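> Structure for this input, please:
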Amino acid sequence: FVLVKTSNPGSGELQNVAAGDGLVYQVMGDLVEKLGGAVGRDGFTPCGAVTGATYPAELKDLRARMPRTFFLVPGYGAQGGTAEDVQHAFTRDGRGAIVNASRSIMCAWQKTGRDGTDYQEAARSAGQLVGLNGILGTAVAVFCLVTRTAQLRLFFGTISEDVMQACLTYFTITALSFPF
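Numbering: from 1, shown residues only. Model (predicted):
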């Protein structure tokens, strides 16, 4: 993984400086995509990019520039990155990124109002909450994907086939965003 656009507040001091035809983070992204090499059977190159969750506009720009690059996305949780922010890291089919939430789990004890002696319990609870969120999001997504045609017919009744196909496509993209 190559640092492209990090999540820390001062990242723009270097990564947003003009360089050639773009900014440093864009040049780095283009370079990582170019040098990534052959695409594997999963559709991604063996070279990944670190792209911070705290800069969603840049994340969206980088995904467009780097469709074959796997992203490691720090900054979710404790640094302020949200699920809405990290959605831009994923490809249209919901793949291509790992969202890192380590500090929000490691430092969960700070939100308990205690002195930190219960840090293991707090970290375990935070990890369980992250896991439960993923499980529930996946369950909602699966339910929506399995019942999407029936749900759309229930809401819209009889509609033309081309409109139904467009709705199904949009519904699928929306359902795939639930776990994230």
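
> give me every residue that touches Asp61.
If you count contacts by Cβ atoms under 8 Å, 6 or more residues apart in numbering, Asp61 has them with Gln26, Gly29. Using the backbone N, CA and C atoms, a C-beta is placed for each residue, glycine as well.

> Which secondary structure element is home to it?
Using DSSP states H and E, Asp61 maps to helix 56-65.

> which residues in this structure form helices?
For the chain, the helices defined by DSSP state H occupy 12-15, 24-35, 56-65, 83-86, 102-106, 119-156, 161-177.

> Would you mind measuring from the residue nearest the centre of the chain to Arg63?
Centre of the chain computed as the mean C-alpha position; nearest residue by Cα atoms, centre = their mean is Val86, 3.4 Å away. From Val86 across to Arg63, the span is 11 Å (Cβ to Cβ, to the nearest Å).

> what mean pLDDT does the helix holding Asp61 have?
Averaging pLDDT along helix 56-65 gives 95.

> Next, the buried residues of that helix.
Pro56, Glu58, Leu59, Asp61, Leu62, Arg63, Arg65 (16 or more other Cβ atoms under 10 Å).

> what's the closest of the residues you listed to Thr147?
Arg63 (29.1 Å; Cβ to Cβ).

> Skipping adjacent residues, who's closest to the closest one in space?
His88 (5.7 Å; Cβ to Cβ, 6 or more residues apart in numbering).

> List the residues that contact that neighbour.
So His88 contacts Pro56, Leu59, Lys60, Arg63 (Cβ under 8 Å, 6+ apart).

> Backbone dihedrals for Arg95, please?
Main-chain dihedrals, Arg95, degrees, to the nearest 10: phi -120, psi 180.

> ok so, going back, now distance to Arg92 too, for the contacts of His88, in CSV please.
As requested, the contacts of His88 are exported to CSV (distance: Cβ to Cβ, whole Å):
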residue, distance to Arg92
Pro56, 17
Leu59, 15
Lys60, 12
Arg63, 10
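
> which one of those residues is nearest Arg41?
Arg63 (20.6 Å).

> ok, now which ones touch that closest one?
For Arg63, the contact set (Cβ under 8 Å, 6+ apart) comprises Phe71, His88, Ala89, Phe90, Thr91, Gly96.

> Which pLDDT value does the model give the residue of the chain most remote from its centre?
Relative to the C-alpha centroid of the chain, counting by Cα atoms, centre = their mean, Thr158 is the outermost residue, at 35.3 Å. Per-residue pLDDT puts Thr158 at 77.
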